[in-house]
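> Here is a sequence together with a model predicted from it:
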Amino acid sequence: MRILRQAMDKHNSNRQAWNEAANFYRKGLKESLEFLKGGGVSLCTQEIKFLSGLDKWCQTAVHFQCAAGTDTLSLINLGAKEVIGVDISEAMIGLARKKSERLGMKARWINSDILSLGNDLDMIADLVYTGQGAINWIMDIQAWAKLIFRTLKPGGRFLIFEGHPVTYFFDTAASELKFDPEFEGYFSRKIYESQGWTPAYVGDLEVSANQQSVKYERAWPISDIINALLDAGLTLKRFEEYPDAYWKEFPNLEETDRMKFPNTFCILMTR
Ligand SMILES: C[S@@+](CC[C@H](N)C(=O)[O-])C[C@H]1O[C@@H](n2cnc3c(N)ncnc32)[C@H](O)[C@@H]1O
């Protein structure tokens with residue numbers, strides 16, 4: 001797939017940042033193994049709703065940006081016969097592989113930038129799943145949407161449950177609703193550059209932020225996401241927005257304030 005050199009360079013820097021963040025995920029390995037072994041499902045209720053009867057319609061699920069694989073393997077606990085997880089971070093893929101091997105779960109792991117995948121996964125998936133902090137790392141939304149289309153079998157389903165771009169409006173550290181001074185507007189399509197992780201997510205990596213790899217993120221407007229998927233050939237079945245969050249992005253905000261704006265959204269499409 002042809003994507004811009006600049007996009008590849010930013011993805012590569014993100015790869016290094018995620019390899020660093022994998023140290024945090026490594027600490028949770030034992031707990032994840034026990035959770036999955038007990039039949040646990042780490043997905044949120046909003047997305048599980050769209051995955052009912054997975055045992056009847058899903059032979060193969062592909063999870064793009066699978067991180068350390070807990071959400072991917074949860075799809076098996078929900079009924080998928082086999083899963084394929086793709087992630088740019090070799091450290092994350094290493095952790096995911098450890099989990100499926102120790103648990104004897106049917107999984108294949110691919111360490112790759114999703115936009116650099118060849119044609120191996122074309123028309124392989126009954127379900128393509130992604131989200132929970134995934135699309136913001138992708139610099140080329142058209143290439144992303146085309147990849148999803150070609151990975152699905154005809155009749156296959158695409159599900160994304162993702163952080164809402166409106167969350168980028170607000171200062172994540174503030175104790176009242178306050179614009180983030182770095183936010184340049186919903187339609188700016190700015191690429192945000194940062195170093196270090198918020199303690200509410202990755203915690204202390206024992207390396208100062210300015211020694212960590214630079215990360216690049218984009219707050220894609222919802223219309224950019226939906227239109228890229230429609231242009232790629234998919235059919236929209238459902239679009240929902242929720243006040244609920246999947247992580248504590250605004251640890252100091254009162255719940256009543258946080259729930260005044262959409263925190264997450266789901267899109268369900270079919271090929
Ligand atoms: C927040 S995680 C995804 C959510 C996941 N469910 C979890 O357990 O946290 C984001 C993942 O996207 C991966 N990633 C970022 N850019 C990528 C790219 N271009 N191709 C493949 N994976 C990518 C990162 O390595 C990271 O593991």
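Sure, I can see it.
> Please list the residues of this protein that sit near the ligand.
With C-beta under 6 Å from any ligand atom as the criterion, the chain meets the ligand at residues 11, 14, 18, 65, 67, 70-71, 86-89, 92, 113-115, 132-134, 137-138. No exception for glycine: its C-beta is placed from N, CA and C like everyone else's.
> Quick check: Leu33 touching Glu101?
No. Look at Leu33 against Glu101 with C-beta atoms under 8 Å: they stay out of range, at 10.6 Å.
> Now do the contacts for Tyr22.
Wrong residue type there; residue 22 is Ala, not Tyr. Going by C-beta atoms under 8 Å, 6 or more residues apart in numbering, Ala22 touches 68, 89, 91-92, 94-95.
> and which of these is nearest to the ligand?
When those are compared for distance to the ligand (C-beta to the nearest ligand atom), Ser89 wins out at 3.7 Å.
> among the residues of the chain next to the ligand, which are in strands?
The strands, defined by DSSP state E, take in 86-87 from those.
> so where's the stretch 151-271 of the chain uncertain?
Low-confidence segments of the stretch 151-271 of the chain (pLDDT under 70): 200, 202-206.
> hmm, back to that, which of Leu33 and Glu101 has more neighbours?
Set Leu33 next to Glu101 and count neighbours by other C-beta atoms under 10 Å: Leu33 wins out with 16 against 11.
> List the residues that contact that one.
99, 102-103.
> Repeat the analysis, applying 6 Å as the threshold.
Arg102 (C-beta atoms under 6 Å, 6 or more residues apart in numbering).
> hang on, it in a helix?
Yes. Using DSSP: H, G, I helix; E, B strand; the rest coil, the secondary structure at Leu33 is a helix.
> can I get the contacts of Ala22 in CSV with neighbour count and pLDDT?
CSV is the format used below for the contacts of Ala22 (neighbours: other C-beta atoms under 10 Å; pLDDT from 0 to 100):
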residue, neighbour count, pLDDT
Ala68, 27, 97
Ser89, 24, 97
Ala91, 21, 96
Met92, 25, 97
Gly94, 17, 97
Leu95, 22, 97
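> Let me know the closest of those to Phe183.
Each of the contacts of Ala22 was checked against Phe183 using C-beta to C-beta; the closest is Ser89, at 26.8 Å.
> Wait, Ser74 touches Ser42, no?
Yes. Counting by C-beta atoms under 6 Å, Ser74 does reach Ser42; the two are 4.8 Å apart.
> Give the other helices and strands that the helix or strand where Arg97 lies contacts.
Here Arg97 sits within helix 90-103, counting by DSSP states H and E. Under the contact definition 3 or more C-beta pairs under 6 Å, 6 or more residues apart in numbering; DSSP states H and E, helix 90-103 sits against helix 5-27, helix 29-37, strand 107-111.
> What residues sit buried inside the second one?
If you call a residue buried by 16 or more other C-beta atoms under 10 Å, then helix 29-37 has these buried ones: 32-33, 35-36.
> try the first one
Buried positions in helix 5-27, judged by neighbour count with 16+ other C-beta under 10 Å: 7, 10-11, 14-22, 25.
> Now pLDDT too, for these, in TSV please.
Formatted as TSV, the buried residues of helix 5-27 follow (pLDDT from 0 to 100):
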residue	pLDDT
Ala7	87
Lys10	96
His11	97
Asn14	97
Arg15	97
Gln16	95
Ala17	94
Trp18	95
Asn19	94
Glu20	91
Ala21	90
Ala22	91
Tyr25	87
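> of those, closest to Glu249?
Ala21 (15.6 Å).
> For the residue of the chain positioned farthest from its centre, grab phi and psi.
Residue farthest from the centre of the chain, counting by C-alpha atoms, centre = their mean, is Glu176 at 27.4 Å. Taking degrees, to the nearest 10, you get phi -140, psi 160 for the backbone angles of Glu176.
> Look up how far the ligand lies from it.
Going from Glu176 to the ligand by C-beta to the nearest ligand atom, to the nearest Å gives 27 Å.
> Can you give me the neighbour number for the residue of the stretch 101-250 of the chain found nearest the ligand?
Across the stretch 101-250 of the chain, the shortest distance to the ligand (C-beta to the nearest ligand atom) belongs to Gly133, at 3.2 Å. If you count neighbours by other C-beta under 10 Å, Gly133 ends up with 16.
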